[in-house]
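Engineer: only geometry, no sequence info:
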C-alpha cells in the first residue's frame, strides 16, 4: 500500500486498472473514502460490478454509495445478471448512432460525445439503433471515415450482425469470438434491444477463468478456487479438497479389498507383489492421459457427444498399441533380469507373460475408461472436467489388480498349488 501511494497519480491509475476484481476490492477497501471514489471511477461499469461483488456483503453498499446515481443504476443492473452470462460480462456503455443520420452528422455526434468525455467502450465500432433501442446494424469507424459525404448511415452499415442474448453462457460467447474473430459482440434482450457489448479483453479473462476451473477439477477439487491460491482461506481450501480425497480413499479401499481377496496367491508367490505398483501406475497413467485429452478436446469444441463412438475406436486402438509397447518393455525387463541376476528361478517366462499381458489389458482399460468417463459425465449433465485423473486412476486400480492376479492364476498356476 505504501508503494502504491508513492506512485504518481497517472501511474497509480494505470496500475489500478491492470488489477483483477479481487485485487480491486482489496485495494479500494484499504484507501480513504475520498480516494476510493476517485479510483472506483477509473473503472468501467462492468469492472465496478465485478469489484463490488468481490467485496464482503457489508462493504458492497458502501462502495455503491461512492457512485453517482446514473453509474450506480448501471452497476446495480449488471449485478442482477449471473456472473457467467453475457449480461454479467457486458459493458452497458457503447457508441451508438441512428440509421437516418448522414455520415458527417454521425461523425460530428461522436466527436461531441468524445469532447464531452462521455464514457464509451473503446472499440472500433458504432452500433446503429432505432428509436426503441433495437439493433439494426454496425459500422466501423473506418467505414464512417471512408463513406462519401451525404451518404446516410443505413446505406453503408452492415446489417448481418452477430449478437448474443443476455443469458448466453460465457463459454459459448468465447467460442463465438474465436469463430468470428471479432473485437466485440453486442448483447441484446429478447426484443432485439441492445443492452451492452462484450469486448475481447473480457473474454481473455473468461478463458483464463474457465481453464483454471477445469484444471482445478481435473486435479481433484470438488469446486474451483474463487480467489488466488494465497488469498484463499485454509478452511475453504480444505473443504474443496476434502470431498474428492474422501471419495478417492473409499475407492482405494476397494483396492485393499481386492488385494485381500488374492492374499493367498500373494503369500504363495510373493514375487507378484513386486510388479503391482507397475501395473497400477501404468493403468492410471494411461487413463489420466486419455481423460485429459478428451476433456480438453470437449472444451475446445473439437469433440462432441456424437463423436463418442469415434473416440472409443481411437482410444481402443491407442490402448492396444500403447499397451503393446509397455507389455514388451515389461516382458523384456523380466527376461533380462533373469538372465543377468537369476532373480525369478524357473518362473521367468510365466512371470514375464503375466506382467506383459496384464500391462496390455490394464492400459487398454485405462484409455477406454479415461476417454469414456467425460462423455458419461456430460450425458448426466455434469462437468466433464470432473473426470479427474485421480478418479480415473482409482477406478482402474481395482480392475487392474483383478486382471493381474487372474492372468497370474493361469500362467503361474504351479506356484499356487
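Structural biologist: The structure has been received and is ready for your questions. Treat the numbers as computed from the prediction; the structure is a model and nothing was measured.
Engineer: secondary structure class for residue 136?
Structural biologist: Three-state assignment for residue 136 (DSSP: H, G, I helix; E, B strand; the rest coil): strand.
Engineer: cool, residue 382 as well?
Structural biologist: Classified using three-state DSSP, residue 382 is coil.
Engineer: if I look at it, how far off is residue 50?
Structural biologist: Residue 382 sits 27 Å away from residue 50, going by Cβ to Cβ, to the nearest Å. From N, CA and C alone the C-beta is placed, and that goes for glycine too.
Engineer: looking at the two, which has the bigger crowd around it?
Structural biologist: residue 50 (24 against 12; other Cβ atoms under 10 Å).
Engineer: give the rounded mean pLDDT of whichever strand or helix holds the more buried one.
Structural biologist: Using DSSP states H and E, residue 50 maps to helix 45-54. Confidence for helix 45-54, expressed as mean pLDDT, is 88.
Engineer: assumed residue 127 was part of a helix.
Structural biologist: No. Secondary structure assignment (three-state DSSP) places residue 127 in strand, not in a helix.
Engineer: check contacts around it.
Structural biologist: Residues in contact with residue 127 (Cβ atoms under 8 Å, 6 or more residues apart in numbering) are 94, 95, 96, 97, 135, 137, 138, 186, 194, 197.
Engineer: ok, these vs residue 281, which is closest?
Structural biologist: residue 197 (50.1 Å; Cβ to Cβ).
Engineer: which SS class is the closest one?
Structural biologist: From three-state DSSP, the assignment for residue 197 is strand.
Engineer: ok, it - contacts?
Structural biologist: Residues in contact with residue 197, defined by Cβ under 8 Å, 6+ apart, are 90, 91, 94, 121, 123, 127, 184, 185, 186, 187.
Engineer: returning to that earlier point: now the contacts of residue 127 in CSV, with distance to residue 74 and pLDDT?
Structural biologist: Listed next are those as CSV, based on distance: Cβ to Cβ, whole Å; pLDDT from 0 to 100:
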residue, distance to residue 74, pLDDT
94, 12, 88
95, 16, 88
96, 15, 90
97, 20, 92
135, 19, 95
137, 24, 94
138, 22, 94
186, 16, 94
194, 14, 94
197, 13, 91
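Engineer: kindly state the domain boundaries assigned to the chain.
Structural biologist: Taking automatic domain parsing as the reference, the chain has its domains at 2-80, 96-216, 233-416.
Engineer: of those, which is nearest residue 86?
Structural biologist: Comparing those by Cβ to Cβ, domain 96-216 comes nearest, at 4.5 Å.
Engineer: ok so, going back, lowest pLDDT pick from the contacts of residue 197?
Structural biologist: Scoring the contacts of residue 197 by pLDDT puts residue 121 last, at 55.
Engineer: buried residues in stretch 147-166, which are they?
Structural biologist: 147, 152, 153, 156, 157, 161, 163, 164, 165, 166 (16 or more other Cβ atoms under 10 Å).
Engineer: could you check how far residue 159 is from residue 189?
Structural biologist: 19 Å.
Engineer: go on, residue 265?
Structural biologist: Taking Cβ to Cβ, one finds residue 265 at 68 Å from residue 189.
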